[in-house]
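[1] Just need the structure, nothing else, for what follows:
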Amino acid sequence: MATTADLVLDALGRVRETVHEVLDETPPERLAEPPAEGANTVAWLVWHLSRLLDDHVAAAFGVEQVWTSAGWYDRLGLPFPATAHGYGHSARDVLAVRASADDLRAYHDAAQDMAAAVLREVTDRDLDRVVDERWDPPVTLAVRLVSVLNDCAQHAGQAAYVRGLLTR
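    As a prediction, the model looks like this:
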């Protein structure tokens with residue numbers, strides 16, 4: 001019988017596959033190219049979904065984000081504070097995300113690996129635990145995980161679409 005952890009990990013694994021495929025199939029010189037003025041780039045979308053995964057899962061489980069703890073913030077050298085994850089970014093901010101496919105893939109994999117490590121232990125009893133009191137109603141682990149999966153799947157799909165526009 002599949003567990004809650006199995007389902008979440010399977011969904012995240014599919015996001016990882018999509019991210020890898022997009023990065024493998026986007027010419028390096030086009031990673032930071034928007035398909036239209038003001039649109040998101042493949043590089044920004046992959047960075048953003050990886051940041052969301054890293055930030056939200058780490059906070060929900062009380063662990064450090066790999067963005068800072070494993071040196072990804074310094075390695076990617078983006079012109080944002082370490083706390084940035086893309087919410088509210090302007091078109092100019094989007095264009096500032098310039099990183100190689102290898103670095104984007106490696107950071108995404110590090111965020112996925114951290115998430116997998118904590119998610120393997122999730123049980124149905126854990127899902128009602130409140131993980132964020134800043135909302136009304138407070139956010140439970142179940143709601144946060146669904147939100148993370150939704151954001152990651154949407155942005156991975158958007159990155160695949162942008163790649164298609166750039167390479168057609």
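[2] what's the distance between Leu31 and Pro137?
    Going from Leu31 to Pro137 by C-beta to C-beta, to the nearest Å gives 39 Å. Where C-beta positions appear, they are placed from N, C-alpha and C, glycine not excepted.
[3] who's more crowded, the two?
    Leu31 (25 against 8; other C-beta atoms under 10 Å).
[4] pLDDT wise, what is the residue lying closest to that one once chain neighbours are set aside at?
    Distances taken as C-beta to C-beta, 6 or more residues apart in numbering place Ala43 nearest to Leu31, at 4.3 Å, with adjacent residues excluded. What the model reports as pLDDT for Ala43 is 98.
[5] So Ala43 is in contact with Val97, correct?
    Yes - checked against C-beta atoms under 8 Å, the pair Ala43 and Val97 is within contact range at 4.8 Å.
[6] of these two, who's got more company?
    The neighbour count for Ala43 versus Val97, taken as other C-beta under 10 Å, is higher for Ala43 (29 against 24).
[7] Show the contacting residues for that one.
    By C-beta atoms under 8 Å, 6 or more residues apart in numbering, the contact list for Ala43 reads 31-32, 97-99, 104.
[8] so can I have JSON lines of those residues showing pLDDT?
    As requested, the contacts of Ala43 are arranged in JSON lines below (pLDDT from 0 to 100):
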{"residue": "Leu31", "pLDDT": "98"}
{"residue": "Ala32", "pLDDT": "98"}
{"residue": "Val97", "pLDDT": "98"}
{"residue": "Arg98", "pLDDT": "97"}
{"residue": "Ala99", "pLDDT": "97"}
{"residue": "Leu104", "pLDDT": "98"}
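[9] Please flag which of these sit within helices.
    The members of the contacts of Ala43 that map onto helices under DSSP state H are Leu104.
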